[in-house]
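1. what would the 3D arrangement of this be:
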Amino acid sequence: MQEYAKFTEDMKKTHTILVPDMLPVHFKLLISIFAESGYKMELLQNDSRAVVDEGLKNVHNDACYPALLVIGQFMDALKSGKYDPDKTALLITQTGGGCRASNYIHLLRKSVNRNFPQVPVVSLNFSGLEKDSAFRITPLMFLKMLYAVLYGDLMMMCYNKCRAYEVRKGSAAEVLESWQKKLGEIFRSGSREYLKTKQLYKGILDDFAAVELKKEKKIRVGIVGEIYVKYSPLANNHLEDFLISEGCEPVVPALMEFVLYCVAGTVNDAKIYDKKTKMSTAYAFAYKLLYGKQKEMVKTVKEHGVFEPPHDFEHIRRLADTYINQGVVMGEGWLIPAEMAALAESGVDNIICTQPFGCLPNHIVAKGMSRAIKNGYPEANIVAIDYDPGATRVNQENRIKLMLANARR
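-> Numbering: from 1, shown residues only. Here you go, the predicted model:
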C-alpha cells in the first residue's frame with residue numbers, strides 16, 4: 001500500500017494550506033476561522049487554461065470535471081514556484097456521500113505524490129472519513145463555520161442584486177470587501193461578536209441597501225446544478241459576471257440549502273430504511289439547529305424589506321415532494337429540481353443548470369427533471385449548459401444568449 005505524506009500537529013506552525021476557489025465569498029470567512037485556530041490558509045486564485053491542462057495531465061478522463069479542476073488548480077499552484085513544497089499542504093472538502101467528490105482526495109494524493117511527495121493533503125469533512133489526520137474541526141470551529149455560511153449567503157445574495165443595478169461600478173464590491181474584512185477580523189479575534197446575528201445582518205443589509213441602484217427591470221436568471229460548478233467562477237467560466245455583462249441579474253441559491261440538504265439526507269435515510277443510528281440522531285438535532293438559524297436569517301431579511309430573502313428550506317422540501325422523492329440523494333439529488341421549482345415559483349423563470357462532465361446524478365436530476373418542472377411552471381425557461389475540458393466558452397455563452405433572447409421575447 002502506497003504511503004502518502006500526512007499532516008502533523010507541528011505543520012500548523014510551518015505550513016501554508018492551499019484552498020481551492022469554490023465559494024469566493026464564503027471561503028474567505030472560513031479561512032479566518034481556521035486562522036484563529038492557528039492554521040495559515042490561502043485561497044487559490046489561479047484560473048488560467050493551465051489549470052485545465054494540469055487536470056488533464058493528472059486525472060484520468062473518466063473523472064468528473066470538478067475533480068479535474070480542483071486537482072489541476074492545486075498542481076498548477078505547486079508548479080508555479082510561488083509556494084515552497086516543503087512548507088505547503090492542500091485542503092480538499094469531502095461530502096461523504098455517494099458522489100465521487102468523496103474520492104477526489106485519493107486522486108489528488110496520487111497526483112501530488114508523483115511530483116511533490118512531501119506535500120500532505122488534508123480533508124475537511126464531517127463524516128469521519130480522515131480519522132488519522134492532525135487536522136481537526138472542534139465543536140467551536142463548527143459553530144463558527146455555521147455562522148460563516150449564513151453571513152456568506154447574505155452577502156452573496158445582496159452583492160449579486162446590487163452589482164446588477166449599481167449606478168457606480170464597483171460600489172457593491174466595496175461593500176462586500178468591507179464586510180468580508182470586518183467579519184474576518186471578528187472570527188480571527190476569538191470574540192463572540194459573531195453571535196450577534198441580528199445586529200450584523202442588519203449592518204450588512206443596510207450597507208448594501210445604501211448602494212445607489214438604477215431603477216430598471218432586468219431579466220433574472222437562476223443558477224442551479226452541481227455544487228462546485230454552480231458556485232466556482234473557475235468552473236463556470238465566471239457565469240455570474242457574464243450574466244451581468246448581458247444586462248441580467250444572477251440569482252444563486254444559498255449554500256445553506258445544500259448544507260441542510262446533506263443533513264436532511266442522513267435523517268431521511270434513517271426513516272426510509274428504518275435504521276436509526278447515533279449519527280442519524282445527531283444529524284436530526286443538527287438539522288433543527290441549522291434550520292432554526294436559516295429561518296432567523298430569512299425573517300430578518302423580510303423585516304428589512306429591501307432584499308428578497310432566501311427560500312425557507314422546509315418550503316423547498318415540500319416543492320421537492322411534488323416532483324421527486326427525497327430518497328434521491330446521489331449528487332445534488334432532489335435539491336436541484338426543488339431549487340428550480342422554488343426559483344420559478346418566485347418569478348425567476350430563466351434558469352441555467354450547470355452540468356459538469358462526468359456527474360451522472362446531476363444530469364439525471366437536473367436535465368432529466370427539467371421537463372417536469374416546465375410542466376408545473378409553463379413560463380420556466382430552463383437551459384442545461386455543459387462544462388467540460390473540451391467545451392468552449394464561446395459555445396456556452398452562445399447557448400445562454402439564445403436563452404436570454406427567448407426571455408426578452
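2. tell me where this structure has strands.
-> Along the chain, the stretches classed as strands by DSSP state E are 16-19, 40-43, 88-93, 121-124, 219-225, 248-251, 350-356, 381-387.
3. in the first one, what counts as buried?
-> Read it as strand 16-19. Buried residues in strand 16-19, defined by neighbour count with 16 or more other C-beta atoms under 10 Å: 17-19. Where you see a C-beta, it was placed from the backbone N, CA and C, and this is true even at glycine.
4. from those, which single one is nearest Y377?
-> Of all these, V19 has the smallest distance to Y377: 37.4 Å, by C-beta to C-beta.
5. can you read off the pLDDT for that closest one?
-> According to the prediction, V19 has pLDDT 93.
6. beta-bridge partners for it, please?
-> L43 (DSSP bridges).
7. of all the strands of the chain, which lies closest to E303?
-> Distance to E303, taken as C-beta to C-beta, is lowest for strand 248-251 among the strands of the chain, at 20.8 Å.
8. on contacts alone, who are the packing partners of that closest one?
-> Other helices and strands packing on strand 248-251, by 3 or more C-beta pairs under 8 Å, 6 or more residues apart in numbering; DSSP states H and E, are helix 139-165, strand 219-225, helix 239-245.
9. for the stretch 251-400 of the chain, what are the low-confidence residue spans?
-> Scanning the stretch 251-400 of the chain for pLDDT under 70 picks out nothing.
10. residues in contact with K161?
-> Residues in contact with K161 (C-beta atoms under 8 Å, 6 or more residues apart in numbering) are 208, 249, 307-308.
11. thought Y231 was touching L255?
-> Yes - counting by C-beta atoms under 8 Å, L255 is a contact partner of Y231 at 7.4 Å.
12. next one: phi and psi at the nearest residue to L56 once chain neighbours are set aside?
-> Distance criterion C-beta to C-beta, 6 or more residues apart in numbering; nearest residue to L56, sequence neighbours excluded, is P389 at 5.9 Å. Here is the backbone geometry of P389 (degrees, to the nearest 10): phi -60, psi -30.
13. kindly report the same for E216.
-> Dihedral angles (degrees, to the nearest 10) for E216: phi -150, psi 160.
14. name the nearest residue to it, ignoring sequence neighbours.
-> Nearest to E216 is Y165, by C-beta to C-beta, 6+ apart, at 7.1 Å.
15. next: L343.
-> Per C-beta to C-beta, 6+ apart, closest to L343 is G222, 3.8 Å.
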